[in-house]
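**Student:** have a look at this fold, sequence not included:
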Ligand SMILES: [Zn+2]
């Protein structure tokens, strides 16, 4: 598939002497007190975070709720001011992503997903997650793990033949981002937990509540109840071992507030109406057919191909991984201009552009051949005009596979059509309802009255309940309502 930065030799880059003189220094870390060998100045660290932040926001999107953004920002800012690096340009964002995740970039950029917010149980837990991520930054974990060779890679702007959104299975587009998601070591995690506990206590929150987050992560993982498993674990391993360590540490940490802050109700009230799970307005699959309500189109992907719907593109990869079909939005103002811009990319040789109509939509199409350092790709690009937007439908295969795949690729391209059924166009995401239990009763009886019996497993996981407990009157319960699953 197309050559990206990741395929370039790291060693080759370093040997090329790109890294001339770096501020190579062994310094004492202000948060941990330990000596640290860091290749990067603080100004470089901040620049690195700022560049990556732009990509993260473009790739994952901000959750469109200003109140919730400000709430997280204010809590984060107070914690950061209580840290050892208060002068960094601290930035806190809620990402519009259903996965359970939180992460930090160098320079003080901290992210929580709407997915993790749904599964947290109190303000103290949120403060713990933010404190832990702040700890990775104050202890400079990412920065000290980036090697000299990797540092040489950053910010070089190595050209790519296909734009990032056209690469198969782009998670996060660039190498610089991959480098920032280095898996932390067990020691890094312990240290970030300890710093998280420290910052929580400084603000008067009960530091033992951070252990509740670890418990939630373990549970969601073991039950498979969460949305495709908590991503947080990929970069923050071993929640079970950490739970006990956090409790031990919290017991020894004085909190200048009696009783310590927890803020369960305060926090849960903020979650009222929070979008839960995948948002079907951004597209969903029904079998191999993909419907996108906001853009009002449907497309049939080839049978048996692996599909993925990301913010910037929906794509399908052949089982042999030698062909790809993807649909994305073009910025240009007409189908012809969109195809022309696509063919104008570096390394691309395009055929003549033919204009016409596809399922009643104005369209333009052209064959292309793209040559990368490793292989030649053959493909066909189609752009269609629909409701004031231009959809770019790109089909390609490695040259040797094109003859065998072009039939199925062209059939899929030809299936792009307006979505007209009201039941799809009007679909809405599931949202959290925060319900104060009106009278003592069992969970199952309450869900039945709420018409949410089908969501028992999710409600248990969201509220950390077991079996069918009797809920006390006044207990605040998170229930997902509406969405595809809740559709009659
Ligand atoms: Zn961590």
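**Tutor:** That came through, no problem. Everything quoted here is computed from the prediction, not taken from an experiment.
**Student:** need the nearest residue in space to residue 453, chain neighbours excluded.
**Tutor:** residue 447 (5.0 Å; Cβ to Cβ, 6 or more residues apart in numbering). Bear in mind the C-beta positions are built from the backbone N, C-alpha and C, glycine included.
**Student:** now do the contacts for that neighbour.
**Tutor:** Contact analysis of residue 447 by Cβ atoms under 8 Å, 6 or more residues apart in numbering lists 453, 455, 456, 459, 479.
**Student:** tell me which element it falls in.
**Tutor:** Of the helices and strands defined by DSSP states H and E, residue 447 is found in helix 443-449.
**Student:** let me know the secondary structure of residue 382.
**Tutor:** strand (DSSP: H, G, I helix; E, B strand; the rest coil).
**Student:** which parts of the stretch 1-150 of the chain are helices?
**Tutor:** Listed in chain order, the helices of the stretch 1-150 of the chain (DSSP state H, counting those that start in this stretch) span 10-15, 42-60, 66-81, 114-119, 123-138, 141-145, 148-153.
**Student:** could you dump these to a markdown table with mean pLDDT and distance to the ion?
**Tutor:** Below are these laid out as a markdown table (pLDDT from 0 to 100; distance: least, Cβ to the ion, whole Å):
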| stretch | mean pLDDT | distance to the ion |
| --- | --- | --- |
| helix 10-15 | 27 | 24 |
| helix 42-60 | 85 | 16 |
| helix 66-81 | 98 | 15 |
| helix 114-119 | 96 | 13 |
| helix 123-138 | 96 | 6 |
| helix 141-145 | 76 | 8 |
| helix 148-153 | 57 | 19 |
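**Student:** just the ones you listed: most buried one?
**Tutor:** Mean neighbours per residue, mean count of other Cβ atoms under 10 Å, is largest over the helices of the stretch 1-150 of the chain for helix 123-138, with a mean of 27.
**Student:** who are the packing partners of that one?
**Tutor:** For helix 123-138, the elements it packs on are helix 66-81, strand 102-105, strand 109-113, helix 186-202, helix 209-223, helix 264-270, judged by 3 or more Cβ pairs under 8 Å, 6 or more residues apart in numbering; DSSP states H and E.
**Student:** a markdown table for those, including distance to residue 280?
**Tutor:** Shown next, in a markdown table, are the helices and strands packed on helix 123-138 (distance: least, Cβ to Cβ, whole Å):
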| stretch | distance to residue 280 |
| --- | --- |
| helix 66-81 | 21 |
| strand 102-105 | 24 |
| strand 109-113 | 18 |
| helix 186-202 | 35 |
| helix 209-223 | 22 |
| helix 264-270 | 24 |
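**Student:** off-centre distance for the helix or strand harbouring residue 243?
**Tutor:** Element membership for residue 243, per DSSP H and E: helix 239-251. Here the centre of helix 239-251 is set off from its chain's centre by 27 Å, with Cα atoms, centre = their mean, to the nearest Å.
**Student:** which residues touch the one helix or strand residue 285 maps to?
**Tutor:** Residue 285 is located in strand 284-286, with elements delineated by DSSP H and E. The contact list for strand 284-286, computed with Cβ under 8 Å, 6+ apart, reads 278, 290, 291, 307, 309, 427, 484.
**Student:** tell me the strands beside that strand, with direction?
**Tutor:** Sheet partners assigned to strand 284-286 using DSSP bridges are listed as strand 289-292 (antiparallel).
**Student:** which parts of the stretch 301-450 of the chain are helices?
**Tutor:** Under DSSP H, counting those that start in this stretch, the stretch 301-450 of the chain gives helices at 335-343, 399-414, 422-425, 443-449.
**Student:** any idea which of these is most buried?
**Tutor:** Highest mean neighbour count among the helices of the stretch 301-450 of the chain (mean count of other Cβ under 10 Å): helix 335-343, a mean of 21.
**Student:** so what does it touch, helix or strand wise?
**Tutor:** Against helix 335-343 (3+ Cβ pairs under 8 Å, 6+ apart) you get strand 323-330, strand 348-350, strand 361-371, strand 376-386, strand 389-398.
**Student:** repeat the analysis, applying 7 Å as the threshold.
**Tutor:** The contact analysis (3 or more Cβ pairs under 7 Å, 6 or more residues apart in numbering; DSSP states H and E) places helix 335-343 against strand 361-371, strand 376-386, strand 389-398.
**Student:** pLDDT of the helix holding residue 243, averaged?
**Tutor:** The predicted model assigns helix 239-251 a mean pLDDT of 88.
**Student:** what of stretch 219-226?
**Tutor:** 70.
**Student:** pretty sure residue 82 contacts residue 200?
**Tutor:** No - between residue 82 and residue 200 there is no contact under Cβ atoms under 7 Å: 9.3 Å.
**Student:** higher neighbour count, these two?
**Tutor:** Taking other Cβ atoms under 10 Å, residue 82 and residue 200 do not tie; residue 200 has more neighbours (29 against 16).
**Student:** residues touching the more buried one, list them.
**Tutor:** If you count contacts by Cβ atoms under 7 Å, 6 or more residues apart in numbering, residue 200 has them with 124, 127, 128, 131, 207, 210.
**Student:** which residues does the closest residue to the last one other than its chain neighbours contact?
**Tutor:** If the residues on either side of it in the chain are set aside, residue 210 comes closest to residue 128, at 3.4 Å by Cβ to Cβ, 6+ apart. When the contact criterion is Cβ under 7 Å, 6+ apart, the partners of residue 128 are 196, 200, 209, 210, 213.
**Student:** okay, angle between the helix holding residue 243 and helix 186-202 too, please.
**Tutor:** Per axes from the mean of the first three to the mean of the last three Cα atoms, to 10 degrees, the angle that helix 239-251 makes with helix 186-202 is 40 degrees.
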